[in-house]
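Visitor: Just the structure for this:
(7 chains)
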Amino acid sequence: MLPMKMLEENLNHKVSLLLKDNRVFEGSLAGYDEYMNMVLNDAEEIGEETRKKLGLVVIRGSNVVRIVQLDSSGN
Amino acid sequence: MLPMKMLEENLNHKVSLLLKDNRVFEGSLAGYDEYMNMVLNDAEEIGEETRKKLGLVVIRGSNVVRIVQLDSSGN
Amino acid sequence: MLPMKMLEENLNHKVSLLLKDNRVFEGSLAGYDEYMNMVLNDAEEIGEETRKKLGLVVIRGSNVVRIVQLDSSGN
Amino acid sequence: MLPMKMLEENLNHKVSLLLKDNRVFEGSLAGYDEYMNMVLNDAEEIGEETRKKLGLVVIRGSNVVRIVQLDSSGN
Amino acid sequence: MLPMKMLEENLNHKVSLLLKDNRVFEGSLAGYDEYMNMVLNDAEEIGEETRKKLGLVVIRGSNVVRIVQLDSSGN
Amino acid sequence: MLPMKMLEENLNHKVSLLLKDNRVFEGSLAGYDEYMNMVLNDAEEIGEETRKKLGLVVIRGSNVVRIVQLDSSGN
Amino acid sequence: MLPMKMLEENLNHKVSLLLKDNRVFEGSLAGYDEYMNMVLNDAEEIGEETRKKLGLVVIRGSNVVRIVQLDSSGN
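Guide: Numbers count the residues shown, from 1 in each chain, chains lettered A, B, ... in the order given. Now for the predicted structure:
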């Protein structure tokens, strides 16, 4: 399975993104492109003990370390 | 929704940009290009307890971490 | 043996990835592309004394330092 | 408005450049290219309490974070 | 002698790789590509006073600082 | 004036280069290419209170922050 | 003089390379390519008070800050 295929299969499903600055975002994957730029719907920034609601967010792909599938019904 | 499409839909609407150096800018998205270089109108740099008015600003895309839609009437 | 060939031979076999931020992931290599973006199945993040189960994960290739073959029956 | 268009409209007008190393330069924008390399005329490096005159300067675009229009008569 | 030619001449000979994070790997050069991604056979990670056997390893080229020929019979 | 044009006009004139690691080099600009790689003749590395003569030097463009014209007779 | 031309003229002559991690290597320039990857013969790593003989070495160009000509008979 190509990495982009895994993203495609998780469209409209919940994912967790870890960024290079150690920020973590969770949200529904609304879109992506070939640079791994991603759009998250109903995004939240996850802190040690807090969750901050952000709504619609674009993450620039160059900051992404890791994408975790949170909603395995996507496969 | 492609990331560039989300930017297009937010043209002339208010967005918040988080940069790699942890600076935050808010302003009306006046333009962007394929590198995620962005033009903000009526831009402000948001500090802990301060807001500094900057006016018209270009942000170089390579510094951008995250773009948040602040004005959901854009969708 | 080209580096991409080594990845191909380890498809569906267990590998260990070391990232630039010193995180270590282990999992079954489910896919990769020409940027060394990789999909791991049954992935775990390996800490000093802990293993955290993550499930299906995409690792962005630009963060990868080193890939170690853990299951030599792959060759 | 494309980011490059904003630069074009500010040719021969005063701008402020913030670089990744937190240096700030002000000067008259004498030229630029597609990498956001920029030529400043009568450039000054702006410190906390000092301004150092540098004259004609080229800034390599990869170091640029933000360009602020200081002279709105350019639009 | 082009850099890639030096790599070619050291195929199946022992080399030492220094990475940006100061890790050092030694092993038999089993392959490489145009990005200086490299495959090492019988690789070991060399610490101050330790050697850790890793087996078959891929090193991503963007992390490489320096490649030293350890087995001059390769030329 | 395109940034490359400014470099062309300063060929064989004295310039000062500031690098990302805060090193400063002065010398006569003997050549450059499209990556802003530069050749300096009679180059000196400028420290707080010292000047170290280096002779003929190539600076890799990716390290360059800023180029200052020291000899305005070049224009 | 193009930067690559300066390298060509120093083939088989002694050069000093400064890298981004502040390492310094000296050796006879045996080859180079368009990325400024370089092959050094009889290379030595130069420390504060030590010189460590390394023999044949490839330096990845992305790490190079500065190349100094040590043997001006090359011109």
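Visitor: For chain A, I'd like the single residue that approaches chain G most closely.
Guide: Relative to chain G, the nearest point of chain A is A:S62 (16.3 Å; C-beta to the nearest C-beta). In short, each C-beta sits where N, CA and C put it, glycine included.
Visitor: That residue should be in a strand, yeah?
Guide: No. Using DSSP: H, G, I helix; E, B strand; the rest coil, the secondary structure at A:S62 is helix, not a strand.
Visitor: wait, doesn't it sit right on A:D21?
Guide: No. Using C-beta atoms under 8 Å, A:S62 makes no contact with A:D21, being 11.8 Å away.
Visitor: Among those two, which residue is more densely surrounded?
Guide: Neighbours per residue, other C-beta atoms under 10 Å in any protein chain shown: of A:S62 and A:D21, the larger number sits with A:S62, 18 against 14.
Visitor: and that one, what does it touch?
Guide: A:Y35, B:S62, C:S62 (C-beta atoms under 8 Å, 6 or more residues apart in numbering or on different chains).
Visitor: Let me know whether A:E45 touches A:R51 as I believe.
Guide: Yes. Between A:E45 and A:R51 there is a contact at 7.4 Å, judged by C-beta under 8 Å.
Visitor: neighbour count winner among these two?
Guide: Higher neighbour count among A:E45 and A:R51: A:E45, with 19 against 11, using other C-beta under 10 Å.
Visitor: bridging residues for that one?
Guide: A:F25, A:K52 (DSSP bridges).
Visitor: quick one, what contacts it?
Guide: Neighbouring residues of A:E45 by C-beta under 8 Å, 6+ apart: A:R23, A:V24, A:F25, A:R51, A:K52, A:L54.
Visitor: Doesn't A:D42 belong to a strand?
Guide: Yes. The assignment for A:D42 (three-state DSSP) places it in a strand.
Visitor: Distance of it relative to A:Q69?
Guide: 16 Å (C-beta to C-beta, to the nearest Å).
Visitor: These two: which is more packed in?
Guide: For A:D42 versus A:Q69, neighbours defined as other C-beta under 10 Å are more numerous around A:Q69 (24 against 14).
Visitor: The more buried one reaches A:L7, doesn't it?
Guide: No. Counting by C-beta under 8 Å, A:Q69 sits too far from A:L7 to count as a contact (9.8 Å).
Visitor: show me where chain A has strands.
Guide: A:14-19, A:24-32, A:38-46, A:51-59, A:64-69 (DSSP state E).
Visitor: Count the neighbours of A:N10 for me.
Guide: With other C-beta under 10 Å as criterion, A:N10 counts 23.
Visitor: again with A:D33
Guide: Counted with other C-beta under 10 Å, A:D33 comes out at 16.
Visitor: so it sits right up against B:M1, yeah?
Guide: No. With contact defined as C-beta under 8 Å, A:D33 does not reach B:M1; the gap is 10.3 Å.
Visitor: coming back round to it: pick the one among the contacts of A:S62 closest to B:L29.
Guide: For the contacts of A:S62, the minimum distance to B:L29 (C-beta to C-beta) is 17.7 Å, reached by B:S62.
Visitor: ok, the residue of chain A most remote from its centre to C:E45 distance?
Guide: Within chain A, A:E49 marks the point farthest from the mean C-alpha position, 19.5 Å out by C-alpha atoms, centre = their mean. In this structure, A:E49 and C:E45 are 20 Å apart, going by C-beta to C-beta.
Visitor: Could you do A:L19 as well?
Guide: Note on A:L19: its distance to C:E45, by C-beta to C-beta, is 15 Å.
Visitor: What of A:R51?
Guide: 21 Å.
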